[in-house]
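S.K.: Give the three-dimensional model of this entry:
(2 chains)
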Amino acid sequence: MTVSVSPNKVISNESKPYIDPYLAGGLLGVVLFLAFFITGNGLGASGGLNRIVVFFEDLIVPGHVDRVPYLLTMAGGDKNALDNWVVFMVMGTIMGGFVSGLINKRVYWSVGKGPQISVRTRLAMAFIGGTLMGYGARFARGCTSGQALSGGAVLSVGSWAFMFAVFGGGYALAYFVRKLWN
Amino acid sequence: MAPFPIEEIFSHAGANFIYLLIGIAFGAVLEIAGFGNSPKLAAQFYFKDQTVLKVMFTSILVAMTLIAWATGLGLLDIHRVWVNPTYLWPGIVGGLIMGFGFIIGGFCPGTSLVAVGTLKVDGILFSLGVLFGIFTFGETIDQFSEFWNSSYMGRFTVPEWLGLSTGATVLLIISVALFMFWGAEQLERIFGGKSSSQSPKIQMIGAATLVVAALGLVGLGQPTALDKWQQIAAAKEPLLTHREVQIHPGELLGLMNNDQINLVMFDVRNETDYNLFHIMDAQLQSVNQVEGLVNQVEGLVPTLLDEPANTIIVLMDNNESRSTEAWKILMANSVPNVYILEGGVNCWLDIFGHEKRQSCSTETASADGLRYTFKAALGSNQESAEPEKKVYEGLKYTPKVKLQEKKAAKGGGCG
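M.R.: Have a look, this model is predicted:
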């Protein structure tokens, strides 16, 4: 499926196939359970990215961080926004993806995109989509990992409503942006 | 009992290392599922490849079942597990925005991290977009914070919403999800041109295992407050017998005048006594029988766990019998900072109901009823309901309240 623009086409052809989705889901479920069982917290990603943003804001305009209540709770005064568990989880997620990708020969520079659009369009769309995703994730107080997976597993009503909203939003817009992917 | 106070066991750095390891496992599993690959993720929304749905829901089913079993067996204390508080409409609006972002950008924040780890340039751009979106949110949140904080329902779970047991809820969700998986297989065959899956037999075994596990949960049930108290009784009973949690009326008055404390008082007597007299701001939690008390007090737990860290809860009866029962129930549910009014309302009136302050002996406080008579049901509309600050300054008592932050309470005795 991946349309690789990598010069290392040869390597990409050696990539191992992905594992069965139900098996992957089962493994992810065990990881999620262990996260809850050991730490009491589930999984998270956008919370960690949030703290990275606030960390840099605090470096550049500390006075501003101290005036905005929402930022203040993370990095007010001499608080370090990065000193939080979810930041370490985010670093781990990148490392885990890298290690697994290395073992399965899927680490190489490439752009995943549909066949009808240029690389430039794809990258612009990735940025725009990411912006919406980041904005929405903070609006919903969590992303697919922190809200849908974690909240879903502990049966939070809000997390289930959120999850259906994500799928609903995706399906609602899919037809109109079909050129991007098909 | 899990979850474990890892900050205390492994120090701050050690705990962070554990989170790093969990993150690595998370990233690796997402990667082998194909979640670093945006066209594969986006194909979900064109019915061709249902990997996103299958992985997400399977993981939720497995984790949900394991968590319910762990709590059912008394291995995991669900009250110390983070349950996302429900803000219904902000969650739905945020979810819709994310759905748009998903189909335009091809990732969600977690999967884009895996794409970064495997050097997918679109994933890197997406992640930068996420950072920019988060930044924008932080700068604009003040414009609509009212909506963002609306439809707050606190810690609200599906079993509470449906009025079902945890086991029945898990069974219901598994049944619906299995039906959905069947539908997903049909869609992939029609739109994705895939032949039916290579290993249907293993899938059947997996599905059957989940159903059997859910049926087992229905049979197992979840521990009641009294079961949980039995588990911790050996550790917590000494607090009662050594009178470490029964606070003197003078100390309570001090707390009432302490602005730094969020004081929550529950009056667990019957309504008649409460109407005759109660301490200012004490909330009535009235029940006719002690059996009813368990349900009533357990119903308070979600709200109490949601209170800020500087919260102190004081329970009061006419004497100490019902308040002690209520204390056990709150302890069993891991509510921190719970105290009992020594000698109850009778003792309070001994000290604050007279011109000449009396000491109060808890020995004589054993009678069940209110020892004082009132001419009218004045409730808290009388002087002794809220004595002046100077009244308690001369009182002698041993202060017992030690405010524990919720984190510290995590480590307290339950493990």
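
S.K.: Any idea how many residues pack against residue B:14?
M.R.: Neighbouring residues of residue B:14 were enumerated by other Cβ atoms under 10 Å in any protein chain shown; the total is 12. In short, each C-beta sits where N, CA and C put it, glycine included.

S.K.: how much space between it and residue B:274?
M.R.: The spacing between residue B:14 and residue B:274, counted by Cβ to Cβ, to the nearest Å, is 49 Å.

S.K.: Check residue B:65 too.
M.R.: In this view, residue B:65 and residue B:274 are 44 Å apart by Cβ to Cβ.

S.K.: Neighbour count for the two, which is higher?
M.R.: For residue B:65 versus residue B:274, neighbours defined as other Cβ under 10 Å are more numerous around residue B:65 (25 against 21).

S.K.: helix, strand or coil for that one?
M.R.: Secondary structure for residue B:65, judged by DSSP: H, G, I helix; E, B strand; the rest coil, is helix.

S.K.: list the contacts for the nearest residue in space to residue B:321 that is not next to it in sequence?
M.R.: Among residues not flanking residue B:321 along the chain, residue B:368 sits closest, at 7.0 Å (Cβ to Cβ, 6 or more residues apart in numbering or on different chains). Contacts for residue B:368 were tallied using Cβ atoms under 8 Å, 6 or more residues apart in numbering or on different chains; they are B:318-319, B:321.

S.K.: Tell me where chain A has helices.
M.R.: For chain A, the helices identified by DSSP state H occupy A:9-13, A:21-39, A:46-60, A:62-67, A:69-75, A:85-103, A:119-139, A:150-153, A:157-174, A:178-181, in order along the chain.

S.K.: if you compare those helices, which one is most tucked away?
M.R.: helix A:150-153 (a mean of 28; mean count of other Cβ atoms under 10 Å in any protein chain shown).

S.K.: All the helices of the stretch 51-200 of chain B, residue numbers only.
M.R.: Chain-ordered helices for the stretch 51-200 of chain B, with DSSP state H, counting those that start in this stretch as the definition, fall at B:51-72, B:88-105, B:109-117, B:121-140, B:145-148, B:158-162, B:166-191, B:200-220.

S.K.: Setting aside sequence neighbours, what's the nearest residue to the residue nearest the centre of chain A?
M.R.: Closest to where the C-alpha atoms of chain A average out (Cα atoms, centre = their mean) is residue A:45, at 5.6 Å. The spatially closest residue to residue A:45, leaving aside those adjacent along the chain, is residue B:110, at 3.9 Å (Cβ to Cβ, 6+ apart).

S.K.: so the one you found sits right up against residue A:148, yeah?
M.R.: No - taking contacts as Cβ atoms under 8 Å, residue B:110 lies outside contact range of residue A:148: 9.8 Å.

S.K.: Residue B:368: what secondary structure?
M.R.: Going by three-state DSSP, the secondary structure assigned to residue B:368 is coil.

S.K.: Distance check, it against chain A.
M.R.: Shown here: residue B:368 relative to chain A, a distance of 40 Å by Cβ to the nearest Cβ, to the nearest Å.

S.K.: Show the low-confidence segments of the chain, by residue range.
M.R.: You didn't say which chain, so I picked chain A. Counting by pLDDT under 70, chain A shows low-confidence ranges at A:1-14.

S.K.: Wait, chain B was what I had in mind.
M.R.: Applying pLDDT under 70 to chain B picks out residues B:195-199, B:287-291, B:355-358, B:361-367, B:389-394, B:405-415.

S.K.: Show me the domain layout of it.
M.R.: B:6-223, B:226-392 (automatic domain parsing).

S.K.: Quick check: which of these has the most neighbours on average?
M.R.: With neighbours taken as mean count of other Cβ under 10 Å, the domains of chain B reach their highest mean count in domain B:6-223, at a mean of 20.

S.K.: would you say residue B:339 is within a helix?
M.R.: No - remark: residue B:339 does not belong to a helix; assigned using three-state DSSP, it is strand.

S.K.: What lies in contact with the one helix or strand residue B:297 maps to?
M.R.: Counting by DSSP states H and E, the element that carries residue B:297 is helix B:290-306. Counting by Cβ under 8 Å, 6+ apart, the neighbours of helix B:290-306 from elsewhere in the structure are B:79, B:85, B:154-156, B:224-226, B:264, B:266, B:268, B:285, B:287, B:311, B:313, B:322, B:325-326, B:329-330, B:333-335.

S.K.: repeat that with 7 Å
M.R.: Surrounding helix B:290-306, the residues in contact under the criterion Cβ atoms under 7 Å, 6 or more residues apart in numbering or on different chains are B:79, B:154-155, B:225-226, B:268, B:285, B:287, B:313, B:322, B:325-326, B:329-330, B:333, B:335.

S.K.: out of the residues you listed, which are inside strands?
M.R.: Here DSSP state E is the test, and the contacts of helix B:290-306 give B:154, B:313 as lying in strands.

S.K.: Please identify which of the contacts of helix B:290-306 is nearest to residue B:51.
M.R.: Within the contacts of helix B:290-306, distances to residue B:51 taken as Cβ to Cβ reach their minimum at residue B:155, with 31.7 Å.

S.K.: Now the closest one. Nearest residue, chain neighbours left out?
M.R.: Once flanking residues are discounted, residue B:155 sits nearest to residue B:302: 4.5 Å by Cβ to Cβ, 6+ apart.
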